[in-house]
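Visitor: Got a predicted model here, sequence first, then my questions.
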Amino acid sequence: MAFGIGQWEKELHDQLPMLDGSPQKRAEELDWKEAVVPCQSSCRGMLDLSDEVLVLILRLLDPISLLNTGRTCRALFRVCSCSSLWTRHCQKFFGFAFSSATSSITPKDAFRLLHMWKNLYRTLPCNRSLQEKLFTELPLGKYWIQWLVLEEIVPLPSVKLPDYDIEQLWGIKKEALEETHKEEPEETSTDCIFKYDWRELYNLTITHHGGFGNVLQYVLNQQMDNDHGELEGMYRLYYQFRFQWQFSYWLFKQPKPVDRQLRTIYLQWKKYNKRKISSWGTAFCDVKYLVSLHHITSDYWKGKLAKGDENIGIQTVENYFSMCKSLTAWILGRDWGRLKCRKVYHDTLDGVYRVLKKEMHTTLIDHEHFWQVAKIQMARVCKLEETAVNYVNWKMIDSVPYYRLYMVSGNSVYLDHIKGFLQRKRLINNWICQEENAWVRLLLPEELYQLLEFDTKICEGNLHGDTLSAHLSRIIWLYLHSGQQLYMEAVKGFVLECAQASLGYYTSVTSGFYTQFVHLN
């Protein structure tokens, strides 16, 4: 078999490593048991268990974990290659009971080939390399027709082949072919040409072989001696770009009415670069920029959703934007101003993502689940807006840890912390605005004075560094979040010291200028 030594194990490490299918190599692997050196330690480990017990343990693993376990050492490689383990996976994932008696291919290699083909064909709508292979390279090669035998729906013209080719590829005898599908032969040809729709031929194949499992066995036996290098190359390409292909197809290949609606929801109340958005759906579109506009699309692009399953992940993304559509309709039905609508929408979505992030990374989230969480988050956002009293306060507190904590927990104690935060912010502003501190306002550097103003938002990123503004930000931060008067006094002392330093600087500069002026005259 021309499977490529060690090829699929190397390329598919993260999902389904491909293992060698060479009979010679496999024979060597089977002799490794005798070559394994017994453990010299007095401690007994997993390899001291019998093969029967190990197989019972390994039956609990999924294919990915089973293959990764087999890569750890020679002894486990031999046990993990046990046919009974892979027969179970063939049954579970592809729905057929693998029979070694009627098959000339091992269950592991059967699983490997079916896994590659099924994943590739599933991405046909967005897989350009496979589209070019099936739709542009005509006549289509028998290797690819053999794989298409397994598919009920094939977007290709009807099959027109001689009876012996149909018998070789589909395994259907000439006697089983219906005369109504027979085409008139050409004058120079003696072949009996039959024309079948792909679905008709698929149903006839199932009937002739007595079930889909038997068709799978037949196709695998036919493919055993073929070179699968091209299939493996396409699978490597798919595995590398599957998230990008799937996302781009989902975003740009919707029917026109749905496409316009999706674009509106995707960009709803977002600040974006109009130049980059203008190329939406074209070959020049910056898809990575569009991905960056939402947390959930960024996670999907990086393969973080649904344990890296691109199909379940894109369903989660689709359900998320379906929820966004419902949320937009609900908000627009309120008698709110544009700024409030935008902030309620963004804060609600941030809350939904924060609450469901871990769950999205492991499983599918449906629309109803998204919507239930969104309603809770929206109610909490409205409560925070009520606590903040006005929009300026509301914008300022959204970077405060208590804001996020309340959004996640709904604990009202965090609302009291937010009220205290705003009161202390007002106290700092009132102090610097006192008439007796007018000289301080005149002498204080602009970047320091802005930190003392009430509507200045101090973010956690501003607390790092060794500049005067970073020092003052840290002291203000401590006071705002602790309420201890000690830190308020530290703020006053630091500000006065900076103002006096500025006064000393200006005095020295003026004095030096006056001295120089006297000497010149």
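Guide: Nice, I can see it. Residues are numbered from 1 along each chain as shown.

Visitor: Find the residue ranges of this structure scoring beneath the pLDDT cut-off.
Guide: Residues of the chain that meet the criterion pLDDT under 70 lie in 1-43, 101, 187-188, 505-521.

Visitor: Spell out for me which residue occupies the centre of it.
Guide: Compute the mean C-alpha point of the chain, and by Cα atoms, centre = their mean the closest residue is Tyr300, 1.9 Å away.

Visitor: Could you list the residues in contact with the one helix or strand that one maps to?
Guide: Element membership for Tyr300 (DSSP states H and E) is helix 295-301. For helix 295-301, the surrounding residues in contact (Cβ atoms under 8 Å, 6 or more residues apart in numbering) are 243-244, 247, 288, 290-292, 305, 313-314, 316-317, 320, 350, 353, 357, 360-361. (C-beta placed from N, C-alpha, C; glycine too.)

Visitor: Can you select the buried ones from the residues you listed in PyMOL?
Guide: Only the buried entries of the contacts of helix 295-301 go into this PyMOL selection, using 16 or more other Cβ atoms under 10 Å:
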select buried, resi 243+244+247+290+291+305+313+314+316+317+320+350+353+360
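
Visitor: out of the contacts of helix 295-301, which are inside strands?
Guide: Filtering the contacts of helix 295-301 for membership in strands, criterion DSSP state E, returns an empty set.

Visitor: Enumerate every residue touching Val344.
Guide: Contact partners of Val344, counting by Cβ under 8 Å, 6+ apart, are Ile331, Trp336, Met378, Val381, Cys382, Glu385.

Visitor: and if we set it to 10 Å?
Guide: With contacts defined as Cβ atoms under 10 Å, 6 or more residues apart in numbering, Val344 is in contact with 269, 327, 330-331, 334, 336, 377-378, 381-382, 384-385, 394.

Visitor: what secondary structure does it sit in?
Guide: Look at Val344: counting by DSSP: H, G, I helix; E, B strand; the rest coil, its state is helix.

Visitor: Would you state the strands of the stretch 1-150 of the chain in chain order?
Guide: Under the criterion DSSP state E, counting those that start in this stretch, the stretch 1-150 of the chain contains no strands.

Visitor: Quick check on Asp227: phi, psi?
Guide: For Asp227, the backbone dihedrals are phi -90, psi 120 (criterion: degrees, to the nearest 10).

Visitor: Is it in contact with Gly233, as I believe?
Guide: No. Asp227 sits out of contact with Gly233 when judged by Cβ atoms under 10 Å, with a separation of 11.1 Å.

Visitor: Gly410: what's its closest spatial neighbour, skipping adjacent residues?
Guide: Arg380 (5.9 Å; Cβ to Cβ, 6 or more residues apart in numbering).

Visitor: Secondary structure element holding the one you found?
Guide: With elements delineated by DSSP H and E, Arg380 resides in helix 367-388, which encompasses its position.

Visitor: give the contact list for His294.
Guide: Shown here is His294, whose contacts under the criterion Cβ under 10 Å, 6+ apart are Tyr266, Lys270, Tyr300, Val317, Tyr320, Phe321, Cys324, Leu349, Tyr353.

Visitor: Apologies, that question was intended for Leu405.
Guide: With contacts defined as Cβ under 10 Å, 6+ apart, Leu405 is in contact with Asn411, Val413, Tyr414, His417, Ile418.
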